[in-house]
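Q: sequence and predicted structure are below.
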Amino acid sequence: MNSPRIDGPLSEALVGTRRYFTRGEVSDDQRTMHLEGGRQGDSFYRDRWSHDKVVRSTHGVNCTGSCSWKVYVKDGIITWEAQQTDYPSAGADRPEYEPRGCPRGAAFSWYTYSPTRVRYPYVRGVLLEMFREAKAAVGGDPVVAWASIVQDPEKAHRYKSARGKGGLVRSTWDEVVELVAAAHVYTVKRWGPDRIAGFSPIPAMSPVSYASGARFLELIGAPMLSFYDWYADLPNASPQMFGDQTDVPESGDWWDAGYLMMWGSNVPLTRTPDAHWMTEARYRGQKVVAVAPDYAENVKFADEWVTCNPGADGALALAMGHVILKEYFVDRQVQFFVDYNRRYTDLPFLVTLDEVSEGSEDGTDGTTAYRPGKNLVAADFDNRQRESENAVFKPVVFDGATGRPAVPNGSIGFRYGDEGWGKWNLDLEGIEPVLTMYAGGTSTSDPASGVAEVVLPRFDTADGHVTYVRRGVPTRRVGGRLVTTVLDLMLAQYGVSRPGLPGEWPADYDDASTPATPAWQEPITGVPAQQVTRLAREWAQNAIDTTGRGMILMGAGTNHWFHSDQIYRAMLVLTTITGCQGRNGGGWAHYVGQEKIRPIMGFQHMAFALDWHRPPRHMNQTAYWYVNTSQYRYDTFTADDLDAGTGVFADKGVMDLLAQSVRLGWTPSYPTFTRSSLVLADEARAAGQEPIPYVVDQLKSGELKFAVEDPEAEENHPRILSLWRANLLGSSAKGNEYFLKHLLGADNAVSAAEAPPEKRPAGIVWPEHAPEGKLDLLTTLDFRMTSSTLFSDVVLPAATWYEKHDLNTTDMHPFVHAFSPAIAPPWQSKTDWDTWKAVAKKFSELAVDHLGTRTDVVAKPLWHDTPEAMATPHGIVKDWRTGEVEPVPGRTLPVLALAERDYPAVYDKMTSIGPLLEKVGMLTKGVPYDVTREVDILRGRNGVRNGGAGDGQPRLETDIHMADAILHLSGTANGHLATHGFRNVEKRTGTQLHDLAAEHEGKQITFADTQVQPVPVITSPEWSGSESGGRRYSPFTINVERLKPFHTLTGRQQFYLDHDWILGMGEALPVYRPPLNMTTLFGESEIGVQNELGVSVRYLTPHNKWSIHSEYQDNLFMLSLSRGGQTIWMSDRDAAKVGIKDNDWVEAVNRNGVVAARAIVSHRMPEGTIFMHHAQDRLIDVPLTETNQRRGGIHNSLTRILIKPSHIIGGYAQLAYFFNYIGPTGNNRDEVTMIRRRTDQNVTY
Amino acid sequence: MNTVLWVIYPYICLAIFVVGHFWRYKYDKFGWTTRSSQLYEDKLLRIGSPLFHFGMLGVIAGHVMGLLIPQSWTSAIGISPHTYHYIALIGGIPAGLATVAGLIILVYRRRRTGPVFSATTVNDKVMYLVLGIVILLGIWNTIAGSLLQFGGEYNYRDGVSPWFRSIFYFQPDAALMAGAPIGFQLHAFFAFLLFAMWPFTRLVHVFSAPIGYFTRPYIVYRSSDVRPGVGVGTHAPARGWDRPELQKKE
């Protein structure tokens, strides 16, 4: 044989015989054999990838990826999904959006046919039986039947105490809709509409579904509960500093940064499809720094790892600020920084100094000392603007050009009123603001200058209590007041000394005795001082070299703390004083909770039914549950434990402050009054009075109170809660066990003690026992069984994200794309839109007999971006309750408004676009829009309603109608509207803006467009950044480039906050506040303590790698990839202390509840801290606990709600309420727990 | 009773064996597998599996020799019963011991290796039990019966073998088996039980042992063919559709 041998002689001999056994042809070299046919088996693999259709959809509630997916359907079955690749280009010379997607999203189709899919409507059997019996007994009226159950204490107890114990039975849609509608009708009638509430989070990723229930509830007068503050994702530092809820760069803009810090944000894990930008940018020379206490995923991508102790990030940021301020603002001046801060920040603004009173506890030693006080405003001294409109809202700078104080344009005083037209801008008009009053120290040739010692608080003590440091600032007298600049105060706060200034200053960077040097932070953060100094220099030098292209990705690691506003403000000082805000590739990039629905205007008006009634009822959810799950009763401390020893909160509980905030109209509160808002109108008419004056009189006389002042009385309970797209009891319910106890009346693991009499809020009615089982009806719409459905009275089968029409946007991607149904909702499931329509229809029918048309007195807090934000001059708190002022709605009281609720017409109103849009237009973030053109287009596109309340109006019957309404009524999707809006802003600012949208003036994105391909959005006044010309989105670029003011008091990015409460808390400027000390507040063991209960550790609940955003913990694929079941991560050192081995069953117990899980012992974890990943439901492998022999809890069983008083300030410039804009956060990071190994490792279920 | 045990019962078992395989092949083609656990554990498998399987080949060869070849044939070529026995033991004992040793290793591995045990079904467990019984009874018969001659001398070539062959002549003679020692009877009984279970267990892999690989060239090309009712391609068009026929040019 001439061909080369390929095998040994034996093989060759064997193969050589093949020719005698086959009809096929064996080649001469014996390598191949040719056969004909026999390929029937091919159909196996060919069919494997065959499919009938591919549908574009994505992942619904919470995913930040905005990845578009191809969903494959075969024989009517959803079989798999794959990534779409047709995103708009990110631009030349930069990486593209794709590849996008993650294993979690790719696992979603499991849910369609999963064993936990909710296929039919369910009701708890005991309730359903009673309802059927009652209905038969009362002759068939379901409303009367419902009343007979909930009014009977024995019956009510019977079904409420069965919550969480199974017993859900299948019902029919007709029956269950009737039950739910009847309960709503009854509650509106008996208690008032604001005793009903709905919760659905984060509309950005499925606004139509969100809008379904929201629109129904707002039409009947029920509040929607917020999510952003409740999730603790809202960084209050953003409204405080920027006057903006949150606006951040899209992920594509990370590429533009020269220096990137990931500080508490673990983007490869939580922002998986976007993380590629971060890795790619490194090849462009970007430096990437990760700040994380643990060896997190992002750390391995970083060039440098900064291991900062949990919760100590504020100290790290302050020390970096110390170095930057010293080296780039004092030792030398950088023109770039000086120019930026003069125009865009409040550093040059003048602040008055108040003399500290005699005998003050902060230790005046005979010399006069001062506290930082209020911003100096035009009304305070003699100047041309003194008598001008809103003069008390026009802060002042010192003009270096004239040597006199000057009132620059752009402050809130110019934003409203007739005199401000064309003047609300950042045009300095020749003013040269001086950044400092410093002229070399005490000896100065200028007789107006001087030096004053200010008392500054510091909280860097073991238990976080306040002490003080006194430092000198250069001053000047203006109109008899002693003033200095914000920069001078900031230098004092940061401990940056200048020659000639008295007080206690650090000697150098190595002086650890006093804030805020690198050496000072080292024992707090664990980060070496030299590293901090180097990072600060790198940060500042990069800003100089790149003109502000330094970016900090910040996230839940730094944001979920009680004092995270202080942590964030300290971090934002870094991005702002170095001129990085309002730049591509620069500034803050807060990626926690994706609040940003790009077509926000159309969404808000449609979802909250602002086309029919204004104002809506919007409630901040943290306060709602703080009150209604009675968690305030477990506050074993008073509010003055939280202030700076100033006495601002003397003798008050946090609950007292909340009640005050409510009655001054700062923050919303529903249920609002101790009587039904419908009854109040009836009473007024019976008394021959108009309702609003009647309510004011009643409040003034004390006959009417706010419900928050007597929250345990039965007339003030929330009665109905509906959840959709939400898993309150498996995910977000901080203080989960308190929910189970007081709200639901179910078994719970609360062991906390209520406040002793001396710690109770004085102004709140305090019955000896708080009721259990306040809520009459909990309804959940979901496609899977969750902890929430387990406790719900009614469970409705919902369509998944592959079974409905909707829209998807996020803050990280400047495009919008569609959900489309790959299959019709299977079994008896329905889309959220159809479910709520069915409820609305039944509600309207039942309302004919029971409700009719009623007048509703709506109380609404003072809103941001309206003149109501000027209700509190100087931020001085005056309470009508104590007679300091008169109660005036919209100034010292909430805004009171009347709504005519035509209850039988609710369904008609829900399914047609109301007349208010054409009559009064739309208003978003203070910008008015005329939308008659758009409503007319919608008549053509959606069709016109015939008859009923919506006669002649555009139809809104289907989810597609809703999607198109949102897109047509938003500037981001409607170029005409965006341009129109910018022209309206121009009138106020006097600067040119409309060209930003002009390139797209004729463009209208329709829902059909979004189904074809992700469509880039249009630059709109709804947001602060520009995408014009295909530019990557970065926030505040319009402010910086077009001189449009920020929505703050000064119109600048504001470091200094002068509200009474904030001054009283010592937080006028960023200050380090350590995590709350749970030992002094609640008597928990200090971290590190070991005893028979285990070891005490910090308890953190970060995101789970295997179950976030696009799917959940129960997904079988993800359970298989991970450890499966509930787990707690802990360090090997902590584990060794109490004998815990990897995979052992452990129990974590604190006063709030109990968790039983398996331990994952890992070197990755820092000592003293454990992680229990977020949203570990109680459904998967959760055994009975050793502590109480009941089923273990969820991650939030160990947390509870703690309200920070500064978050409930309102009615003052940027510190004014709007839904999800500002509010108390559901923070959860300060908690501690004991953790131990279970003595019996054989757990039972 | 003897008729039931040694006539009816074997035919039922063999019928299940034959029909069962057809059924399994038709309806569970993708389940026709050993469900290999090599992925989970391979160190013990590497020893146990060849021991067992090659031992098994020897055992089968021994059975072919002992059961199918009549005594008269071996006598005709001058092999005395004594010599035959000698040959049978020389070959049978090592094969049997290898099989048992392999089986012990495999069962130990299956029980003690977590993932392997997790992948073991009830079906497997029952099958291993019966297989184990059959093998142990066979060894017992060989060692206790033939070698040590417990309970007297018994020449299975006079009883069991003709009976076994008689089944296939369709002239079953139960009496031949009725006189066999209990050990042989049990061995035969469980062996037929195993045959009956065979098509429903992983034992089907016996019929898909890749012996073709010995003589197969490395690369096999298969061209499409034209099949009646299907045409060119791998499966027939769905009802309601006519696939355009590609006519072969003559």
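A: Ah, there it is.
Q: what residues does the stretch 801-950 of chain A have near chain B?
A: Within the stretch 801-950 of chain A, not a single residue sits near chain B (C-beta under 8 Å from any C-beta of the partner chain). Where you see a C-beta, it was placed from the backbone N, CA and C, and this is true even at glycine.
Q: what does chain B put close to chain A?
A: B:30, B:214-225, B:227, B:234-235.
Q: ok, the nearest residue to residue B:175 once chain neighbours are set aside - contacts?
A: The spatially closest residue to residue B:175, leaving aside those adjacent along the chain, is residue B:2, at 7.0 Å (C-beta to C-beta, 6 or more residues apart in numbering or on different chains). Residues in contact with residue B:2 (C-beta atoms under 8 Å, 6 or more residues apart in numbering or on different chains) are B:174, B:175, B:177, B:178.
Q: narrow those residues to those in helices?
A: Among the contacts of residue B:2, the members found in helices (DSSP state H) are B:174, B:175, B:177, B:178.
Q: give the other helices and strands that the helix or strand encompassing residue A:1063 contacts.
A: For residue A:1063, the host element (DSSP states H and E) is helix A:1060-1064. Judged by 3 or more C-beta pairs under 8 Å, 6 or more residues apart in numbering or on different chains; DSSP states H and E, helix A:1060-1064 is in contact with strand A:370-375.
Q: any idea how far the residue in chain B that chain A sits nearest to is from residue A:1244?
A: Using C-beta to the nearest C-beta, residue B:225 is the residue of chain B that sits closest to chain A, at 3.1 Å. Separation of residue B:225 from residue A:1244 (C-beta to C-beta, to the nearest Å): 61 Å.
Q: which of these two has more residues huddled nearby?
A: Neighbours were counted for residue B:225 and for residue A:1244 using other C-beta atoms under 10 Å in any protein chain shown; residue B:225 has more, 15 against 7.
Q: which outside residues touch the helix holding residue A:1063?
A: A:371-373, A:643-644, A:646-649, A:657, A:875-877, A:1057, A:1068, A:1205-1206, A:1209.
Q: about what we covered before: pLDDT value on the residue nearest to residue B:175, please?
A: Note for residue B:2: predicted pLDDT of 80.
Q: I'd like to know how far it sits from residue B:156.
A: For residue B:2, the distance to residue B:156 (C-beta to C-beta) stands at 17 Å.
Q: next secondary structure after the longest strand belonging to chain B?
A: Determined from DSSP state E, the single longest strand within chain B is strand B:219-223. As assigned by DSSP H and E, the chain's next helix or strand after strand B:219-223 is strand B:226-227.
Q: what lines up beside that following strand in the sheet?
A: When sheet partners are counted by DSSP bridges, strand B:226-227 sits next to strand B:231-232 (antiparallel).
Q: secondary structure element for residue B:99, which one?
A: Residue B:99 is part of helix B:81-112, with elements assigned from DSSP H and E.
Q: rounded mean pLDDT for that helix, please.
A: Averaged over helix B:81-112, pLDDT sits at 88.
Q: same deal with stretch B:193-206?
A: Regarding stretch B:193-206, the rounded mean pLDDT is 93.
Q: would you put the C-alpha positions of that stretch in CSV?
A: The C-alpha coordinates for stretch B:193-206 follow below in CSV (Å, rounded to 0.1, in the frame of the first residue of the first chain):
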residue,chain,number,x,y,z
LEU,B,193,-36.5,-13.2,35.2
LEU,B,194,-33.5,-11.1,34.1
PHE,B,195,-34.3,-11.8,30.5
ALA,B,196,-37.9,-10.6,31.1
MET,B,197,-36.5,-7.4,32.7
TRP,B,198,-33.9,-6.9,30.1
PRO,B,199,-35.7,-4.7,27.5
PHE,B,200,-36.7,-2.3,30.2
THR,B,201,-33.4,-1.7,31.8
ARG,B,202,-30.0,-0.4,30.8
LEU,B,203,-29.1,-3.9,29.8
VAL,B,204,-30.3,-3.1,26.3
HIS,B,205,-26.8,-1.7,25.7
VAL,B,206,-25.7,-5.2,25.2
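Q: what's next to it, contact-wise?
A: For stretch B:193-206, the surrounding residues in contact (C-beta under 8 Å, 6+ apart) are B:12-14, B:16-17, B:19-21, B:23-24, B:32-35, B:123-124, B:126-127, B:130-131, B:134.
Q: what of stretch A:154-167?
A: Defining contact as C-beta under 8 Å, 6+ apart, one finds that stretch A:154-167 is touched by A:124-127, A:130, A:148-150, A:740, A:744-747, A:773, A:775-776, A:778, A:790-793.
Q: where do the helices sit along chain B?
A: Counting by DSSP H, the helices of chain B are B:2-3, B:9-27, B:43-63, B:71-76, B:81-112, B:114-118, B:122-140, B:160-169, B:174-178, B:182-197.
Q: which strands and helices sit next to the third one?
A: In terms of contacts (3+ C-beta pairs under 8 Å, 6+ apart), helix B:43-63 is packed against helix B:81-112.
Q: give me the angle between the helix it packs on and helix B:43-63.
A: Comparing the axes of helix B:81-112 and helix B:43-63 via axes from the mean of the first three to the mean of the last three C-alpha atoms, to 10 degrees yields an angle of 150 degrees.
Q: circling back to that earlier point, and the contacts of helix A:1060-1064, which are buried?
A: Neighbour-count burial (16 or more other C-beta atoms under 10 Å in any protein chain shown) applied to the contacts of helix A:1060-1064 gives A:371-373, A:643-644, A:646, A:648-649, A:657, A:875, A:877, A:1057, A:1068, A:1205-1206, A:1209.
Q: closest to residue A:532 out of these?
A: The shortest gap between residue A:532 and any of the buried ones among the contacts of helix A:1060-1064 belongs to residue A:1068, at 24.1 Å (C-beta to C-beta).
Q: what pairs with the longest strand of chain B, parallel or antiparallel?
A: Assessed with DSSP bridges, strand B:219-223 is paired to strand A:32-36 (parallel).
Q: ok, then the element right after the partner strand?
A: Next element after strand A:32-36 (DSSP H and E): helix A:42-48.
Q: roughly how far is that next one from the heart of the chain?
A: 48 Å (C-alpha atoms, centre = their mean, to the nearest Å).
Q: close to chain B, is that helix?
A: Yes - contact of helix A:42-48 with chain B (C-beta under 8 Å from any C-beta) involves A:42, A:43, A:44, A:46, A:47.
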